[in-house]
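S.K.: okay, sequence plus prediction incoming.
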Amino acid sequence: MSEVLFFRLEKGAVRQTFYALQTAPASTIDVWTPNAFGIKPKGFAWAPFGFWWMFHNLRIFRNREYRIYLVRSGNEIIHRSCLFPPYFRFPFMRADDLQIGDIWTAEDARGQGISKTVLCRILNDYKDKTIWFLCDASNTASQNLAKAAGLELFAVGTRTLPCGIGVIGRFVIF
């Protein structure tokens with residue numbers, strides 16, 4: 001099992017100022033929210049986004065804050081950051097906490113500060129929430145991103161793999 005680093009920023013803590021995207025002027029940040037017919041953002045695969053939509057609508061997520069932050073350059077999505085409420089995989093989270101995960105940036109858009117911009121935007125949008133950010137201990141880029149946005153290393157833990165199945169595993173703090 002690999003080690004997982006648990007970064008956190010407590011609600012009410014000072015957040016870094018959100019700054020405008022430094023990329024092409026046409027870049028925008030959109031916040032997608034699920035609804036009865038909006039199962040996933042246009043162009044996204046059904047898995048895993050359809051499952052997360054079900055978790056939201058079946059109230060498996062412990063609050064109603066599931067969101068996806070999207071950065072577009074023209075009509076092309078060049079970044080996504082998902083915002084997840086706690087559920088069974090994250091037993092250390094309180095009911096009103098949020099976790100940023102499933103971050104992706106298009107290869108040709110990396111190194112431009114997009115992830116940090118979006119992360120700072122999320123932290124500022126949710127000043128009244130404790131925000132978690134998890135990454136593998138071997139992922140130095142994600143560690144640097146978390147630290148650059150002002151999150152603090154809270155703990156080290158692991159991801160359990162019951163019967164070798166990752167999707168039903170939990171993230172636990174040592």
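M.R.: Received it, and whenever you're ready, just let me know what you need. Residues are numbered from 1 along each chain as shown.
S.K.: what packs against the worst-scoring helix or strand of the chain on mean pLDDT?
M.R.: In the chain, the helix or strand scored least confidently by mean pLDDT, DSSP states H and E is strand 27-32, which has a mean of 89. With contacts taken as 3 or more C-beta pairs under 8 Å, 6 or more residues apart in numbering; DSSP states H and E, strand 27-32 sits against strand 67-73, helix 114-125. For every residue, glycine as well, the C-beta is placed using N, CA and C.
S.K.: can you count the residues close to residue 116?
M.R.: Residue 116: 18 surrounding residues under other C-beta atoms under 10 Å.
S.K.: the strands in this protein, which residues?
M.R.: 3-9, 27-32, 67-73, 76-84, 98-105, 131-136, 152-159, 171-173 (DSSP state E).
S.K.: direction included, what does the shortest one pair against?
M.R.: With DSSP bridges as the criterion, the sheet partners recorded for strand 171-173 are strand 152-159 (antiparallel).
S.K.: tilt between the partner strand and strand 131-136?
M.R.: Computed by axes from the mean of the first three to the mean of the last three C-alpha atoms, to 10 degrees, the angle separating strand 152-159 from strand 131-136 equals 50 degrees.
S.K.: in this structure, where is pLDDT below threshold?
M.R.: 1, 18-26 (pLDDT under 70).
S.K.: rerun at 90
M.R.: Scanning the chain for pLDDT under 90 picks out the ranges 1-2, 12-28, 36-37, 43, 73-75, 112-113, 161-169.
S.K.: select, out of the helices and strands packed on strand 27-32, the one closest to residue 165.
M.R.: Closest to residue 165 of these, according to C-beta to C-beta: strand 67-73, at 24.8 Å.
S.K.: quick one: contacts of the closest one?
M.R.: Outside of strand 67-73, the residues within contact range by C-beta atoms under 8 Å, 6 or more residues apart in numbering are 21, 23-24, 26-33, 41, 49, 77-83, 109, 114, 117-118, 121-122.
S.K.: what angle do it and strand 76-84 make?
M.R.: With the same axes, to 10 degrees as the basis, strand 67-73 and strand 76-84 are set at 160 degrees to each other.
S.K.: okay, now the sheet partners of strand 67-73, with direction.
M.R.: Strand 67-73 has these strand partners (DSSP bridges): strand 27-32 (antiparallel), strand 76-84 (antiparallel).
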